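[1] Any chance you can model this:
(chains A, B and C)
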Amino acid sequence: MDNSSQNVVAIKKILSANDTGKTGGHQGGMLIPKTVLSFFPDLGNGVKNPRYKLRFRDEEGNVWTFNFIYYNNKFFSEKGKRNEYRLTGMTRFIKENNLQPNDSIILERNSSMELCIKYERSQVQESDNSECMSILKLGSSWKVVNL
DNA sequence: AGCCATGCACCG
DNA sequence: CGGTGCATGGCT
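    Modelled structure (predicted):
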């Protein structure tokens, strides 16, 4: 095995309200805390606002393209103050999965360097449809019966 | 350092 | 024209 290139395989980011767009922001993505940067390819600081397009596969097999951007104008202009990383282009992913603030997004890299994305809910879903659609865990002697 | 917010460009 | 993302300012 050769693990010299990457040792961080999975990261988890708890979504802020702004990340999900709930606060009226339309930045379309989330901030990447520096503590989790080693998961991502190095963007360097040679140019202003460098970026990569990264493809992530979700658990249903859909592929999403997000932009990993380093906003670093702090190092390129007198008045620049930006020095942070963001992953953008996630609006549709967040909407389709109905992700809320405090939910988590988990990014993983498998052995072939393929990126995957999944999510984890920390809040109980709003009880609009709690009547009949709770998650059901089936034991081996149970089966689903259609009425 | 991280999160909130927004004017504008682009694109369907 | 509405939704989306860029780039950036500002607040905590």
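[2] any idea which element the spatially most central residue of chain A lies in?
    The centroid of chain A falls nearest to A:Ile105 when counting by Cα atoms, centre = their mean (4.3 Å). A:Ile105 belongs to strand A:104-109 when assigned by DSSP states H and E.
[3] I'd like the mean pLDDT over that strand, please.
    Here strand A:104-109 scores 92 as its mean pLDDT.
[4] Give me the contact list for the helix ranked longest in chain A.
    Secondary structure of chain A per DSSP state H: the longest helix is helix A:91-96. Residues from elsewhere that reach helix A:91-96, judged by Cβ atoms under 8 Å, 6 or more residues apart in numbering: A:Leu15, A:Asp19, A:Thr20, A:Gly21, A:Gly28, A:Gly29, A:Asp58, A:Trp64, A:Phe66, A:Leu99, A:Ile117. For the C-beta atoms, the positions are set from N, CA and C on the backbone; glycine is no exception.
[5] swap the cut-off to 10 Å and go again
    A:15, A:19-22, A:26-30, A:56, A:58, A:60, A:62, A:64, A:66, A:99-100, A:103, A:105, A:117, A:119 (Cβ atoms under 10 Å, 6 or more residues apart in numbering).
[6] on that earlier part again, helices or strands up against the strand holding A:Ile105?
    Using 3 or more Cβ pairs under 10 Å, 6 or more residues apart in numbering; DSSP states H and E, the elements in contact with strand A:104-109 are strand A:10-14, strand A:51-57, strand A:115-120.
[7] can you put these in a markdown table and add mean neighbour count?
    Formatted as a markdown table, the helices and strands packed on strand A:104-109 follow (neighbours: other Cβ atoms under 10 Å):
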| stretch | mean neighbour count |
| --- | --- |
| strand A:10-14 | 16 |
| strand A:51-57 | 15 |
| strand A:115-120 | 17 |
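[8] Format the ones you listed as a markdown table; extra columns: mean pLDDT and distance to DNA strand C.
    Shown next, in a markdown table, are the helices and strands packed on strand A:104-109 (pLDDT from 0 to 100; distance: least, Cβ to the nearest atom of the strand, whole Å):
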| stretch | mean pLDDT | distance to DNA strand C |
| --- | --- | --- |
| strand A:10-14 | 92 | 16 |
| strand A:51-57 | 95 | 7 |
| strand A:115-120 | 94 | 14 |
